[in-house]
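Asks: Take a look and give me a structure for this.
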Amino acid sequence: MAIDRIVRPGLEGVVAAQTRLSSVDGEAGELIIGGFPVEQLANQATFEETVYLLLEGALPNARQLLAFRQELDSRRSCSPEILQILRTAAAQKIPGMDVLRMAAGMLALKADGESAIDDDDTSSALKLIAVFPTIVAAYARLLDDLEPIPQRADLGHAANYLYMLFGKVPGPERIRALETYLNTVVDHGLNASTFTARVIISTQSDLISAIVGAVGALKGPLHGGAPGPALDMVFEIGEAGRAESILREKLKRGERFMGFGHRVYRVRDPRADVLAKAAEQLYATDADRKLYELARHVERTVLRLLDEYKPGRKLQTNVEFYTALLLHGLELPTDLFTPTFAVGRVAGWVAHCFEQQKQNRLIRPDSEYIGEKGGNWIAVGER
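Replies: All right, here's what the predicted structure looks like:
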């Protein structure tokens, strides 16, 4: 059988895996997660329900959900060695994604009262999902010269993250906003970080190594590092009356609008609609409503000007724009945006690793050699 030797830079259009976890239809603007449209799942499920759905293939009943929450709660603590690394990193002001990568690589070290992670991938998976928010929250506090706050057994995953960050039990509006966000970003097809995780696990390496690799991929600004700048533009504009003139000048200078356009979606990113509604609810009850209204005005102006300056490009609002607005409304600093993305996406990475293990096939694409041939060796003294 002939082998397709067409070179596809970036592997664009190449199908490398089959998955039941999520479906991304860029032409229709559709995202399905575990069989559910993201618009239906994200704003109703708890994060634990979504994670269970990805890992088990079905939503949990009440008994299963309680047991799953208890499994996660028993694994939220960091080992003393990881906490010491966080303290050392905070003293050196190391970026949060670098610290998350280092800490994730140390998760074989057990926390107090916890069994050590061995070769049990299920145990490793639950530990990774449970402890990511603990690592991110503890490091954020240490950067602010504050002590880490232990988790509370009576709080769920999203609520614990906010509690460990700010030291107070969050209200239902804030919990719902964060759960909606985490559900929305939990999985999104074979993106760069997910593909990285699947490549590593396909070598029969361990789950922690695969997730460490995924964190490294997510750190790149072309993948997970763009939500912050999307809101910087809104702050720069400051008031609605300045939006059009500033945006026109940016377009004339050839600047790119962060938070608009997507490599996959040719229409509006469905995640943007989900997070827009979540942001509207949050800002109506527990955040700066004026900022929300300004952001909506900036969005409308950007879309109108993009249609004018770049007709036919179909540059629509993507998930980054409302990610920035929502997480800012939750009082998260910009430096926490990408680590918080990882808090949600780690569940998708883990679920993809399990799928890849079942396929038991090494991911090993070919490359096309374009260098010279026929070289003749010359000794170093004669060159």
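
Asks: Okay, now the unreliable bits of the chain?
Replies: Where the chain drops to pLDDT under 70, the residues are 1-4, 10, 111-119, 225-227, 263, 265-266.

Asks: which residue is nearest the middle of it?
Replies: residue 341 (3.1 Å; C-alpha atoms, centre = their mean).

Asks: how many neighbours does the spatially closest residue to that one that is not a sequence neighbour have?
Replies: Using C-beta to C-beta, 6 or more residues apart in numbering and skipping the chain neighbours, the partner closest in space to residue 341 is residue 224 (5.2 Å). C-betas here are computed from N, CA, C, even on glycine. Close neighbours of residue 224, defined as other C-beta atoms under 10 Å, add up to 24.

Asks: Next one: residue 123 from residue 252, what distance?
Replies: 56 Å (C-beta to C-beta, to the nearest Å).

Asks: which of the two has more neighbours?
Replies: Between residue 123 and residue 252, counted using other C-beta under 10 Å, residue 123 has the larger neighbour count: 17 against 9.

Asks: Next, count neighbours for the spatially closest residue to residue 244 that is not a sequence neighbour.
Replies: The shortest distance from residue 244 to any non-neighbouring residue, by C-beta to C-beta, 6+ apart, is to residue 301 (5.6 Å). By the criterion of other C-beta under 10 Å, residue 301 has 17 neighbours.

Asks: Tell me if residue 301 really is in a helix.
Replies: Yes: assessed with DSSP: H, G, I helix; E, B strand; the rest coil, residue 301 lies in a helix.

Asks: right, and it touches residue 245 too?
Replies: No: if you go by C-beta atoms under 8 Å, residue 301 and residue 245 don't touch, sitting 10.1 Å apart.

Asks: Spell out the secondary structure type for the residue nearest to residue 341.
Replies: coil.

Asks: how many neighbours does residue 369 have?
Replies: When neighbours are counted by other C-beta under 10 Å, residue 369 comes out with 7.

Asks: can you check the one 5 residues further on too?
Replies: For residue 374, the tally of surrounding residues (other C-beta under 10 Å) stands at 4.

Asks: wait, what's in contact with residue 270?
Replies: Contacts for residue 270 (C-beta atoms under 8 Å, 6 or more residues apart in numbering) come out as 29, 30, 31, 37, 38, 39.

Asks: And residue 167, by the same measure?
Replies: Residues near residue 167 by C-beta under 8 Å, 6+ apart: residue 149.

Asks: Distance check, it against residue 149.
Replies: For residue 167, the distance to residue 149 - C-beta to C-beta - is 5 Å.

Asks: can you list residues touching both of these two?
Replies: Common contacts of residue 167 and residue 149 (C-beta under 8 Å, 6+ apart): none found.

Asks: which ones among the contacts of residue 270 are found in helices?
Replies: 38, 39 (DSSP state H).

Asks: Just put the contacts of residue 270 in a markdown table and tack on distance to residue 369 and neighbour count.
Replies: Listed next are these as a markdown table, based on distance: C-beta to C-beta, whole Å; neighbours: other C-beta atoms under 10 Å:
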| residue | distance to residue 369 | neighbour count |
| --- | --- | --- |
| 29 | 39 | 19 |
| 30 | 39 | 15 |
| 31 | 38 | 27 |
| 37 | 44 | 14 |
| 38 | 42 | 26 |
| 39 | 46 | 16 |
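
Asks: just the contacts of residue 270 now: which is nearest residue 380?
Replies: residue 31 (57.4 Å; C-beta to C-beta).

Asks: Thought residue 23 was touching the closest one, still the case?
Replies: Yes: contact criterion C-beta under 8 Å: residue 31 and residue 23 qualify, at 7.2 Å.

Asks: Spatially nearest residue to residue 200 (excluding sequence neighbours)?
Replies: Setting aside the residues directly before and after it, residue 200 is nearest to residue 210 in space (C-beta to C-beta, 6+ apart), at 4.1 Å.

Asks: Show me where the stretch 101-250 of the chain has its helices.
Replies: 121-143, 157-166, 172-185, 192-202, 207-219, 227-237, 243-252 (DSSP state H, counting those that start in this stretch).

Asks: Residues contacting the second one, please?
Replies: Taking C-beta under 8 Å, 6+ apart as the criterion, the residues outside helix 157-166 that touch it are 46-48, 51, 69, 72, 76, 130, 133-134, 136-138, 140-141, 148-152, 155, 169-170, 174-175, 178-179, 182, 330-332, 340, 343.

Asks: Mind checking which of those residues are buried?
Replies: 46-48, 51, 69, 72, 76, 130, 133-134, 136-138, 140-141, 148-149, 151, 155, 170, 174-175, 178-179, 182, 330, 332, 340, 343 (16 or more other C-beta atoms under 10 Å).

Asks: Can you give me every residue that contacts residue 45?
Replies: With contacts defined as C-beta under 8 Å, 6+ apart, residue 45 is in contact with 53, 59, 179, 183.

Asks: Distance of it relative to residue 209?
Replies: Look at residue 45 and residue 209: by C-beta to C-beta, they are 30 Å apart.

Asks: same thing with residue 292?
Replies: 41 Å.

Asks: quick one: which of these two has more around it?
Replies: Neighbour tally, residue 292 and residue 209, criterion other C-beta under 10 Å: the higher count belongs to residue 292, 21 against 15.
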